[in-house]
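Engineer: The amino acid sequence is not available; the structure is as follows:
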């Protein structure tokens, strides 16, 4: 495990730009599925961060958090992205109906908001980001990076 890295952002634009820099490159087609979790309180920037990554990867049009549908997929140039928002999930067993195993393939990127609500039903994270709200800025900390990504 690498030491934690952290950044502060004071606007949505800065949060999106950080996500673009950190997650904005498509993995090689044969690379293992990359699972990225986004944890933190409401309003701390998780959806904004996901939107920044999606835009950098080529998503156009409206990008909304899938808080009611739980899952949105994006077929983008060079990568398919699965965006999960598990805030409204009441029980991790509810994930069984989403067919997530079908999405866990090489060349895929998963962005998972509120991963703790799917505990025991999600693949392990390759990267974990934690978000917190400060008085003048949001703090984003990368907690863990798998050795496979180095």
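Structural biologist: Now that the structure is in, tell me what you want to look at. Just so it is clear, the structure is predicted and the values come from calculations on it, not from any experiment.
Engineer: any idea how far the residue nearest the centre of the chain is from residue 75?
Structural biologist: Nearest residue to the geometric centre of the chain (C-alpha atoms, centre = their mean): residue 111, 2.5 Å. Using C-beta to C-beta, to the nearest Å, one gets 15 Å for the distance from residue 111 to residue 75. Any C-beta I mention is one placed from the backbone N, CA and C, and that applies to glycine too.
Engineer: and stretch 37-45, which residues are buried?
Structural biologist: 37-40, 44-45 (16 or more other C-beta atoms under 10 Å).
Engineer: likewise stretch 43-54?
Structural biologist: Buried, per 16+ other C-beta under 10 Å, within stretch 43-54: 44-54.
Engineer: What helices and strands are in contact with the lowest-mean-pLDDT helix or strand in the chain?
Structural biologist: Least confident helix or strand, the chain: strand 138-145 with a mean of 88, by mean pLDDT, DSSP states H and E. Secondary-structure packing of strand 138-145 (3 or more C-beta pairs under 8 Å, 6 or more residues apart in numbering; DSSP states H and E): strand 5-9, helix 12-23, strand 127-133.
Engineer: Adding mean neighbour count, write these out as a markdown table.
Structural biologist: Output for the helices and strands packed on strand 138-145, formatted as a markdown table (neighbours: other C-beta atoms under 10 Å):
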| stretch | mean neighbour count |
| --- | --- |
| strand 5-9 | 15 |
| helix 12-23 | 19 |
| strand 127-133 | 19 |
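Engineer: Quick one: closest of the ones you listed to residue 142.
Structural biologist: Proximity to residue 142, assessed across the helices and strands packed on strand 138-145 by C-beta to C-beta, is greatest for strand 5-9 (4.6 Å).
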